[in-house]
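In: Provided below are the primary sequence and the corresponding predicted coordinates.
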Amino acid sequence: MAATTRNPSRDSLAEAQPQLGLRERKKLKTRIAIRRATYRLISEQGYEATTIEQIAEAAEVSPSTVFRYFPTKEDIVLTDEYDPIMEAELRARPADEEPLEAIRQVMTDGLRTFIEDERDEVIQRTKLMVEVPAIRARMTETMATTSELLVHALADRTGRDHDDLDVRVFTAAVLGALREVMLYWAARDHQDDLIELVDRALTTIQGGLRL
């Protein structure tokens with residue numbers, strides 16, 4: 001049976017990772033609390049007006065704790081805990097499945113569940129990507145972490161080295177497509193079907209741009 005992505009809700013995310021020790025689960029819960037407080041404050045008063053001090057107070061932690069988990073305010077908006085899950089699901093796909101098809105299934109299944117569980121957060125995040133230049137700029141940097149995870153998983157699946165140029169170009173193309181889809185979706189007021197947009201973007205990568 002083909003593997004499917006299991007994106008747990010935020011409430012159960014820590015418990016859904018039994019490989020984590022008690023200390024790691026506490027850290028995960030703190031990260032989630034900080035992010036939730038941030039989104040709540042931003043929705044109430046806007047991104048620029050929301051300070052790290054306010055976030056810390058709302059999350060019941062110190063400002064230094066916020067910075068320990070998230071180097072910048074942009075990171076709070078952009079970072080989530082799903083990259084390791086996505087990597088694991090990619091590695092669990094059938095061994096004979098083409099890389100692009102494996103990526104397609106992992107991304108679309110994961111996004112579908114994520115939207116069902118956290119639609120408001122997804123909408124708020126992508127809206128901020130469009131509206132706040134600092135977030136959009138930081139997004140390129142944070143995607144490097146996701147890229148490394150996927151590069152290693154795809155290299156292992158295809159029997160290539162982790163520094164293989166073709167793997168890195170392929171991964172960059174996929175993540176670049178995902179970035180553009182998110183911005184396009186938000187710019188059109190989230191009216192389109194996000195899953196269909198992702199599927200369309202990956203099909204474009206597969207077939208190229210034709211006349």
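Out: That came in fine, so what should we check first? This is a predicted model, so every value here is computed, not measured. Numbering: from 1, shown residues only.
In: Can you name the element that comes right after the lengthiest helix in the chain?
Out: Longest helix of the chain, by residue count under DSSP state H: helix 99-131. Next helix or strand after helix 99-131 toward the C-terminus (DSSP states H and E): helix 133-158.
In: Let me know the angle separating the next helix-or-strand element following that next one from helix 133-158.
Out: Per DSSP H and E, the first helix or strand lying C-terminal to helix 133-158 is helix 165-187. If you take axes from the mean of the first three to the mean of the last three C-alpha atoms, to 10 degrees, helix 165-187 sits at 140 degrees to helix 133-158.
In: Could I get the buried residue list for stretch 29-38?
Out: Within stretch 29-38, the residues that qualify as buried are T30, R31, I32, A33, I34, R35, A37, T38, counting by 16 or more other C-beta atoms under 10 Å. (Each C-beta comes from the backbone N, C-alpha and C, glycine too.)
In: Same check on stretch 76-96?
Out: Across stretch 76-96, burial judged by 16+ other C-beta under 10 Å covers 76-83, 85-91, 93.
In: farthest-separated two in the residues you listed?
Out: Spatially, the most separated pair among the buried residues of stretch 76-96 is I76 and R93, at 31.0 Å (C-beta to C-beta).
In: how's this protein carved up into domains?
Out: For the chain, automatic domain parsing gives the domain ranges 6-72, 82-211.
In: Between the two ends of the last one, what distance do you get?
Out: Domain 82-211 has an end-to-end distance of 37 Å (C-alpha to C-alpha, to the nearest Å).
In: and that domain, how far from the chain's centre?
Out: What separates the centre of domain 82-211 from the centre of its chain is 8 Å, taken as C-alpha atoms, centre = their mean, to the nearest Å.
In: now do the shortest one
Out: The gap between where domain 6-72 is centred and where its chain is centred comes out at 15 Å by C-alpha atoms, centre = their mean.
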